[in-house]
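*Asks:* Below is the structure, and that's it, no one-letter string:
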């Protein structure tokens, strides 16, 4: 029987993966694995890893295991998350018109992510932003798990 995964743990894994790593979940036992893109490339290309340190050989072996085991599914990555769209949606939830306009101006053009985050902190609404962002990423991850028929629980593990 498949084990339920813990949604907050999966969200953490997706958030931590960034653009240099890929996160996976094993649909059979719920194992979460993060593999650096470099090691995935080595494993995919079947390159020799004998000249690498043992810890890298272990990481490459994990990458091979993930790629070869049909039970592992790649979790949503930064391209599936669309943080810009989440920032824009957040702007429209801000009730204070002045602040909403500041935020909408901040996300225009080059440097939008930095300007947005600077504005959020300067205006003291970072807790609202991070709560909104976490909730949106949780929805994306939950929808993904549902689409893959992977059962999950939506509560932090005790202890």
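*Replies:* Cool, the structure landed. These numbers were taken from a predicted model, which means no experiment stands behind them.
*Asks:* contacting residues around the helix or strand of the chain with the lowest mean pLDDT?
*Replies:* Within the chain, judged by mean pLDDT, DSSP states H and E, the helix or strand with the poorest mean is helix 78-81; its value is a mean of 88. Contacts with helix 78-81, where a contact means Cβ atoms under 8 Å, 6 or more residues apart in numbering, come from 14, 17, 18, 19, 137, 140, 144. In short, each C-beta sits where N, CA and C put it, glycine included.
*Asks:* Show me where this structure has its strands.
*Replies:* 5-6, 21-26, 32-36, 72-74, 152-153 (DSSP state E).
*Asks:* Excluding covalently adjacent residues, which one is nearest to residue 37?
*Replies:* Nearest residue to residue 37, sequence neighbours excluded (Cβ to Cβ, 6 or more residues apart in numbering): residue 20, at 5.6 Å.
*Asks:* The one you found contacts residue 34, correct?
*Replies:* No - using Cβ atoms under 8 Å, residue 20 makes no contact with residue 34, being 10.1 Å away.
*Asks:* tell me the mean pLDDT over stretch 133-141?
*Replies:* Stretch 133-141 shows a mean pLDDT of 95 in the predicted model.
*Asks:* one step back: more neighbours, residue 20 and residue 34?
*Replies:* residue 34 (16 against 8; other Cβ atoms under 10 Å).
*Asks:* Any idea what the more buried one is bridged to?
*Replies:* residue 23 (DSSP bridges).
*Asks:* Centre-most residue in this structure?
*Replies:* Closest to where the C-alpha atoms of the chain average out (Cα atoms, centre = their mean) is residue 14, at 2.2 Å.
*Asks:* So for the lengthiest helix in the chain, what gets flagged as buried?
*Replies:* Longest helix in the chain, counting residues (DSSP state H): helix 126-147. Burial within helix 126-147, assessed by neighbour count using 16 or more other Cβ atoms under 10 Å, is assigned to 129, 132, 133, 136, 137, 138, 140, 141, 142, 144, 145.
*Asks:* swap in stretch 4-19?
*Replies:* Neighbour-count burial for stretch 4-19, with 16+ other Cβ under 10 Å as criterion, is recorded at 5, 6, 7, 8, 9, 10, 11, 12, 13, 14, 17.
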